[in-house]
Every structure is written in C-alpha cells, then in structure tokens.
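Novice: here is my input; please provide its structure:
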Amino acid sequence: MSSARLGRSVLAGGAAAVGTVTLAAAPPAAAAAPGAEAAVGARILAADPHYELLTTGMDKRFVARPEHIKMIRSSADAARALREALRAGKRVSVRSGGHCVADFTCNPEVEVILDFSEMTAVGYDPEFRAFYVGAGARLSNAYEALCKGWGVTIPGGVCHSVGAGGHVSGGGYGMLSRAHGLVVDHLYAVEVVVVDARGRVRTVVATRERDDPNRDVWWAHTGGGGNFGYGAASVVTARRPGAPLPGGSPVTSPRTLLD
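Specialist: As a prediction, the model looks like this:
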C-alpha cells in the first residue's frame, strides 16, 4: 500500500447513497504523495499561544498540562510521535475533533497529546471504490465534501463539530441510522498506529475481510468507542446502486438518497 493511502478508515456503500468505509487512493492533503516525505505537524509547547486552547476539553473543567501537544498530519507522523513518547515513558492521550465531553484527552495525568485535527482530507480511492475521511475531519466538512464531490453521504450524527475519528469508532449514530444503520455498519477498513505485544509501534491497515490477519483490529473499531489504537483516518466507500459490498457487509446495499 502506498504512503498516499495511509492514515484512513474505510466505509462501504452506494453512490448517491449512504456510503460506507474502505481505503481510498487519491492522496489527501495531509498525507504524502507517493515518493514524497510524509507531512509532519507542529509541536506545541507551553509558551505557544495555542497551548491553552489545545489543552482544555470541551467541558472547561477538564484541563491538561502536557509537556507538549503534537499535531499529527500523516500516519508516519503519528507513528514517530508515539514511538518517541513511549521511549520517554510518557502518558499519551489522543484527540480527533476535540468534542469529547469526558476527560479522556485533557486530564492532569496526560504528558503528551497527539492531536489529529489537521488530518481532514476527504477523497475517493478508485482501487477500493471507497471514500476516505481523515480522523480529524469534522462531520460537517465530511458531509459537505462527500455530497458536493460525489453526491453521497454516511448515516452519521447531526452535531457538525464532532470529529470523524471518535465518531466512527464509537459507532456513529444519526438521523439516517434507522434506515441505513450506524456508520460502523459500513466500515470496511481502518488504518491505525498500534503498539504490539513486544512494545513495537506499527501502522496497521485492517479490513473486515474474514481472512485478514488484522481483522480483530478492524473489529475493535466498530463501536467500542476507540481507546484501542491511534486511528489516523476514517474512510467511507459509496458504491453504485446494486454493486456488491466488500467483505460481506452486515447491511444491505444503501438506497439512493439524491437524484
């Protein structure tokens, strides 16, 4: 898989219909094009004017005082930042859109925050016939890009500022869910940075295919609320009406929503 496809989750579905997630090929702005170096985000220290904003939760009671916030712009960037933090023995938390109303990201014990809010790319991969959504993309941006670009959508939530990374891994429920299920019902693949049993940091692409050796990693992102790996992106796939869904999707092919 080329570097252009890193950092995403994938959904599977039907064009001009509710989409689903799988991997995509058009290189997002936050990821490196084939042969190019992966994008690298900034390191925000306490003296930076953005520090206070990035260390306070949506609920202002929750405040962190990390050594730094690492802005993540690619899968390679995430792996490098996580490896560095683990080697230094730092306690790490992760933020997608920053909409969490608990203190999972911002609390006094956190020493490094990995912030994925700059990974906002939305695009289409012709190889997988799927759309990808970066982990930091807000729902409103994802809906607008999918609708204007391809006339498709996903059955996600109604709050515009929720980040795709947390929303998808938490299940993804919205106004279209009674007709089309949860977003994770359409999730085909995820790309995440994980720490294996040997303590090694690895980037894993996991699909719902039953013969995929990483299928358990995909399964762990189908509604458990995250806290399993460091998801670099979410990808949504919308197929033409009647086209078969990959890997034996648990839902029927989405109905056409737009003319």
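Novice: isn't residue 164 up against residue 135?
Specialist: Yes. Between residue 164 and residue 135 there is a contact at 6.1 Å, judged by Cβ atoms under 8 Å. For glycine as for every other residue, the C-beta is placed from the backbone atoms N, C-alpha and C.
Novice: mind checking pLDDT for residue 199?
Specialist: Note on residue 199: pLDDT of 89.
Novice: ugh, wrong one, residue 122
Specialist: 91.
Novice: cool, and the one 5 residues further on?
Specialist: Residue 127 carries a pLDDT score of 70 in this model.
Novice: got the buried residues for stretch 209-218?
Specialist: When burial is assessed from 16 or more other Cβ atoms under 10 Å, stretch 209-218 yields the following buried residues: 214, 217, 218.
Novice: doesn't the last one belong to a helix?
Specialist: Yes. Judged by DSSP: H, G, I helix; E, B strand; the rest coil, residue 218 forms part of a helix.
Novice: ok, now which ones touch it?
Specialist: Neighbouring residues of residue 218 by Cβ atoms under 8 Å, 6 or more residues apart in numbering: 187, 189, 190, 206, 207, 208, 212.
Novice: against residue 106, how distant is the second one?
Specialist: With the distance defined as Cβ to Cβ, to the nearest Å, residue 189 ends up 30 Å from residue 106.
Novice: try the first one
Specialist: Shown here: residue 187 relative to residue 106, a distance of 27 Å by Cβ to Cβ.
Novice: who has more neighbours out of those two?
Specialist: Ranked by neighbour count (other Cβ atoms under 10 Å), residue 187 and residue 106 place residue 187 first, with 33 against 25.
Novice: touching, the more buried one and residue 207? I think so.
Specialist: No. Using Cβ under 8 Å, residue 187 is not in contact with residue 207; the gap is 9.5 Å.
Novice: closest to residue 87 out of the buried residues of stretch 209-218?
Specialist: residue 217 (22.8 Å; Cβ to Cβ).
Novice: so how far is residue 43 from that closest one?
Specialist: For residue 217 relative to residue 43 (Cβ to Cβ), the value is 28 Å.
Novice: and for residue 90?
Specialist: For residue 90, the distance to residue 43 (Cβ to Cβ) stands at 13 Å.
Novice: ok, for residue 99, nearest residue in space, not its chain neighbours?
Specialist: residue 162 (4.6 Å; Cβ to Cβ, 6 or more residues apart in numbering).
Novice: mind listing what that neighbour touches?
Specialist: 97, 99, 138, 139.
Novice: for whichever strand or helix holds residue 80, buried residues please.
Specialist: Element membership of residue 80, judged by DSSP states H and E, is helix 75-87. Residues of helix 75-87 classed as buried by neighbour count (16+ other Cβ under 10 Å): 75, 76, 77, 78, 79, 80, 81, 82, 83, 85.
Novice: same for that helix, what does it pack against?
Specialist: Helices and strands touching helix 75-87, by 3 or more Cβ pairs under 8 Å, 6 or more residues apart in numbering; DSSP states H and E, are strand 92-95, strand 112-115, strand 187-195, strand 201-207, strand 230-234.
Novice: alpha carbons of the third one, as PDB, please.
Specialist: Written as PDB, here are the backbone C-alpha positions of strand 187-195 (Å, rounded to 0.1, in the frame of the first residue of the first chain):
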ATOM      1  CA  LEU A 187     -16.900   0.400   7.900                       C
ATOM      2  CA  TYR A 188     -14.700  -1.600   5.700                       C
ATOM      3  CA  ALA A 189     -11.200  -0.800   6.900                       C
ATOM      4  CA  VAL A 190      -9.200   1.300   9.300                       C
ATOM      5  CA  GLU A 191      -5.700   2.400   9.400                       C
ATOM      6  CA  VAL A 192      -4.300   2.800  12.900                       C
ATOM      7  CA  VAL A 193      -1.000   3.100  14.700                       C
ATOM      8  CA  VAL A 194      -0.800   0.400  17.400                       C
ATOM      9  CA  VAL A 195       1.700  -0.900  20.000                       C
END
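Novice: many thanks, have a good one.
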